[in-house]
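In: I would like the atomic coordinates for the input below:
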Amino acid sequence: MPNAVDSPETLPASASRPANLAATLRLSLGRTWRRVRAERGTVELPDVQLAILVRLVKDGATTPGAIAEFHGIRPPSATRAVQHLEELGLAVRSEHPTDRRQVLVTVTEAGREEVRETMRRRDAWLARQLAALTPAERELLARATTVLNKIVES
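Out: Okay, the predicted model is just below:
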């Protein structure tokens, strides 16, 4: 039987209809992301705390209020998350330079390393899965990334 990657005409016509494709693609992307997200560094962190660390690495120091707003969580939840990260040595709080009522949250080197290790493990897992595919399947996925980027950028 021909491989669907090598012979796209083997797909039923209904598979490419927008509504059908949307449902199938949503499920596939969700399952893929959940599996990638399962790959973690050495510290067990809830998703939101890892996301906070990633943002601190990417964007630098910020306030708990900005963390709450960015991640769509309540300020007390952001404060508890920051406190937990601080207890683990992954982040530190310091005085805000212009507003003494606030604090700034900064990632520590240990926090940076946790983010690097998590990303390394996620990339390694995905690379192993991709290595098991045929060259044609990998080329198809490479082309699909362009289309997926077009979807999210529109």
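In: drop to CA atoms for contacts and neighbour counts, all remaining ones
Out: Noted.
In: how many other residues sit next to residue 89?
Out: 14 (other C-alpha atoms under 10 Å).
In: Now do the same contact list for it.
Out: By C-alpha atoms under 8 Å, 6 or more residues apart in numbering, the contact list for residue 89 reads 108, 110-111.
In: Type out the PyMOL command that picks the buried ones from these.
Out: In PyMOL, a selection of the buried entries from the contacts of residue 89 looks like this (16 or more other C-alpha atoms under 10 Å):
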select buried, resi 108+111
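In: and the most centrally placed residue in the chain, what is it in contact with?
Out: By C-alpha atoms, centre = their mean, the mean C-alpha position of the chain lies nearest to residue 37, the distance being 6.7 Å. Contacts for residue 37 (C-alpha under 8 Å, 6+ apart) come out as residue 122.
In: how about it, phi and psi?
Out: phi -60, psi -20 (degrees, to the nearest 10).
In: Equivalent analysis for the one 5 residues further on, please.
Out: Main-chain dihedrals, residue 42, degrees, to the nearest 10: phi -90, psi -20.
In: didn't it look like it was pressed against residue 114?
Out: Yes. Shown here, residue 42 and residue 114 form a contact pair, counting by C-alpha atoms under 8 Å, at 6.9 Å.
In: Now the longest helix along the chain: buried residues?
Out: Secondary structure assigned by DSSP state H gives helix 109-131 as the longest helix of the chain. Neighbour-count burial for helix 109-131 flags 111-119, 121-122 (criterion: 16+ other C-alpha under 10 Å).
In: same question, stretch 132-149
Out: residue 137.
In: just how off-centre is the helix or strand harbouring residue 147 within its chain?
Out: Using DSSP states H and E, residue 147 falls within helix 135-153. Distance of helix 135-153 from its chain centroid, counting by C-alpha atoms, centre = their mean, to the nearest Å, is 18 Å.
In: buried sites along stretch 93-101?
Out: By neighbour count on 16+ other C-alpha under 10 Å, the buried set for stretch 93-101 is residue 93.
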